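[1] 3D, please:
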Amino acid sequence: MRIIIIGIGGIGTILVDKISRFVNYSNLEIQEMILIDGDEFEPKNSERQEFTEFGPKAEIKAYEISKKFKSLGKRVGSINYYITNDNIGGIIQNGDIVLLCVDNHTSRKLVSDYCSTLQDITIISGGNDYTDGNVMVYVRKNNIDITPKITKYHSEINNPEDKHPEEMSCQELANVEPQIFFTNLMAATFMCCAFYNVIIKENFKYSEVYFDMLSMKSDSKVREV
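    Okay, here's the model as predicted:
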């Protein structure tokens, strides 16, 4: 079993630490944990991203986790570039658990479309706007979809209008919609809950949850495949 975490930003930096702590102190047999991001930690990220130094996000966070959680240690690796059509086949493998923390629909669709061609795969995808968001679960076993693809009930993902990070200019990257730490925290927390539900309890009933920070409510959904 491998855990692939794609996107080490507002949600990803929180999620990596929590999932790593759980894996480190549990009996869950993880062969490898791989962190993927083509971006770098900068001073402007300090408001809502957890890191100890500036530089490549995936590499720095992998080093932090390997030092913090000794049992995980050398099993934590990093890839310092974005996932694309050209490289996804060499990154995501059959049987992986993919924790998708990206902030654009184009990347979500890319990962979803590729994973739907594999025999066994799990995607837990989290995203948020300023004060609300959702987490979706896609499980495929023995070439059969157990839960719906993350594109099925979301036309904005199935027909994305945004750009892949590699297609965006520096100005466009700088003008990404603002987010708040607390909403990132909620998304990461619900992704951890989904991880426990699906991987530990093998409960595939609820494949999506919506949450709202201002109303302090969440709403889980049972979706038809």
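[2] now stretch 84-99, how far from the centre of its chain.
    Relative to its parent chain, stretch 84-99 has a centroid offset of 13 Å by CA atoms, centre = their mean, to the nearest Å.
[3] kindly report the same for stretch 132-151.
    With CA atoms, centre = their mean, you get 13 Å for stretch 132-151.
[4] got the end-to-end distance for it?
    End-to-end distance of stretch 132-151: 19 Å, with CA to CA, to the nearest Å as the criterion.
[5] quick one: Arg223 and Ile150 touch, right?
    No. Contact criterion CB atoms under 8 Å: Arg223 and Ile150 do not qualify, at 10.1 Å. For glycine as for every other residue, the C-beta is placed from the backbone atoms N, C-alpha and C.
[6] what's the weakest-modelled helix or strand in this structure?
    The least trusted helix or strand in the chain, going by mean pLDDT, DSSP states H and E, turns out to be helix 170-174, with a mean of 60.
[7] following element in sequence after that one, please.
    As assigned by DSSP states H and E, the chain's next helix or strand after helix 170-174 is helix 181-195.
[8] quick one: list the elements packing against the next helix or strand after that following helix.
    Where DSSP H and E defines the elements, the next helix or strand beyond helix 181-195 is strand 208-212. With contacts defined as 3 or more CB pairs under 8 Å, 6 or more residues apart in numbering; DSSP states H and E, strand 208-212 has these neighbours: strand 132-141, helix 181-195, strand 217-221.
[9] okay if I get these as JSON lines plus mean neighbour count, distance to Phe69 and mean pLDDT?
    Converted to JSON lines, the helices and strands packed on strand 208-212 look like this (neighbours: other CB atoms under 10 Å; distance: least, CB to CB, whole Å; pLDDT from 0 to 100):
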{"stretch": "strand 132-141", "mean neighbour count": "22", "distance to Phe69": "24", "mean pLDDT": "98"}
{"stretch": "helix 181-195", "mean neighbour count": "21", "distance to Phe69": "15", "mean pLDDT": "97"}
{"stretch": "strand 217-221", "mean neighbour count": "13", "distance to Phe69": "28", "mean pLDDT": "96"}
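[10] all set, thanks.
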